[in-house]
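Q: Sequence and predicted model, in that order:
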Amino acid sequence: MSLVFVGACSHAPGITGRAHLAEPDVRDAFHAAFRAMGEALAETKPDALIVIAAEHFANFFMNNMPAYAIGMADHYEGPIEDPGWLGIARTRVPGNADLSLRLVRGVMQSVDVAYAEEWKFDHGIMVPLHFLTPRFDLPVVPVNINCQGPPLTPLHRAWAFGEALRSACDAVPERVALVSTGGISHWPATPDSGKINEAWDREFLDRWARQDKAAMLSYSDEATYRDAGQGGFEIRTFLAAAAAARGPGELRFYAPIPIFSVGCTVALMAVE
């Protein structure tokens with residue numbers, strides 16, 4: 001088995017950029033849980049880390065918006081945002097083009113996927129890496145799911161994409177870790193920014209931790225938009241992780257942190 005670790009976490013830019021404005025106790029507990037997740041990741045001794053993030057119009061736009069894309073380079077740079085604003089210094093992150101190519105070929109056996117040899121990392125990847133691999137020394141395979149520009153990939157297809165990633169990982173000799181990163185409920189770049197639907201978040205995370213596939217796939221985009229904002233569409237990254245892991249999840253941290261504009265999550269999932 002080549003998939004050795006699966007986790008899920010939030011990636012909002014305020015997690016680092018507005019950390020000084022948050023209530024210290026909850027911020028410190030969240031950051032500690034994030035770093036502990038990085039320690040658990042390191043214990044599995046991965047050769048590479050797949051990060052499934054959501055496209056924020058940093059690399060793709062509506063003139064060419066793939067449902068799924070995988071990076072295929074030997075190195076990447078980020079953040080694309082102003083480092084002072086995000087609170088993360090611009091750096092070069094190692095990749096593994098050969099591994100990415102083999103994973104792309106594996107995924108293509110069941111799900112069509114785009115690929116890119118040039119990729120700038122935004123907060124969706126850089127914020128998790130800041131906590132999980134603070135030395136930026138673990139090769140990363142970036143993966144994007146379009147959660148921003150409708151028409152969005154259906155939830156059952158995001159699940160199928162996660163299954164395809166699992167099959168691709170199991171076919172390579174490298175030890176591969178996978179982390180999905182997204183919302184959950186949030187209304188970024190709108191007048192409702194800072195609003196969080198804690199009840200909705202906890203219900204989704206309960207379904208996710210129980211690996212209740214039918215319940216996870218039962219959300220409609222209309223209901224998600226109403227109850228969790230456009231940021232709620234990022235549950236697609238969580239679904240892909242659940243499909244890849246196959247085992248139950250464990251919620252390590254959850255708290256609504258309005259200054260971060262998101263319900264902040266750290267969770268692990270058993271690989272079976």
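A: Good, I have the coordinates.
Q: Distance of D212 relative to L205?
A: 11 Å (C-beta to C-beta, to the nearest Å). To be clear about C-beta, it is placed using only N, CA and C from the backbone, and glycine gets the same treatment.
Q: Same check on W119?
A: For W119, the distance to L205 (C-beta to C-beta) stands at 29 Å.
Q: Give the residue from those two that has the larger number of neighbours.
A: Neighbours per residue, other C-beta atoms under 10 Å: of W119 and L205, the larger number sits with W119, 26 against 20.
Q: which ones are touching the closest residue to the more buried one other than its chain neighbours?
A: In space, W119 comes closest to G71 once its chain neighbours are excluded; the distance is 4.3 Å by C-beta to C-beta, 6 or more residues apart in numbering. When contacts are counted by C-beta atoms under 8 Å, 6 or more residues apart in numbering, G71 touches 95, 100, 115-117, 119, 140-143.
Q: what about the residue nearest to Q230 when sequence neighbours are not counted, is that helix, strand or coil?
A: Nearest non-adjacent residue to Q230, counting by C-beta to C-beta, 6+ apart: W187, 6.9 Å away. Of the three states, W187 takes coil under DSSP: H, G, I helix; E, B strand; the rest coil.
Q: Isn't W187 up against Y225?
A: No: contact between W187 and Y225 fails when scored by C-beta atoms under 8 Å: they sit 9.8 Å apart.
Q: Just want to know which of the two has more residues nearby.
A: Ranked by neighbour count (other C-beta under 10 Å), W187 and Y225 place W187 first, with 20 against 15.
Q: what sits against that one?
A: With C-beta under 8 Å, 6+ apart, W187 has these contacts: 193-195, 229-231, 261.
Q: are any of those residues buried, and which?
A: Listed as buried from the contacts of W187 are 194-195, 229-231, 261; burial here means 16 or more other C-beta atoms under 10 Å.
Q: which ones among those residues are found in strands?
A: Among the buried ones among the contacts of W187, none falls in strands (DSSP state E).
Q: Name the nearest of those residues relative to G17.
A: Nearest to G17 among the buried ones among the contacts of W187: S261, at 10.6 Å, using C-beta to C-beta.
Q: so where do the strands sit in this structure?
A: 3-10, 48-54, 68-71, 75-78, 91-94, 114-116, 140-145, 176-182, 246-257, 262-271.
Q: ok, and which of the ones you listed has the densest surroundings?
A: Ranked by mean neighbour count under mean count of other C-beta atoms under 10 Å, these are led by strand 176-182, which reaches a mean of 28.
Q: For the protein, give me the ranges with low pLDDT.
A: 1 (pLDDT under 70).
Q: Give me the longest helix you can find in it.
A: Determined from DSSP state H, the single longest helix within the chain is helix 24-43.
Q: And for it, what's in contact with it?
A: 5, 7, 9, 15, 19, 49, 128, 131-134, 177, 179, 252-253, 255, 257, 264, 266, 268.
Q: Much appreciated, bye for now.
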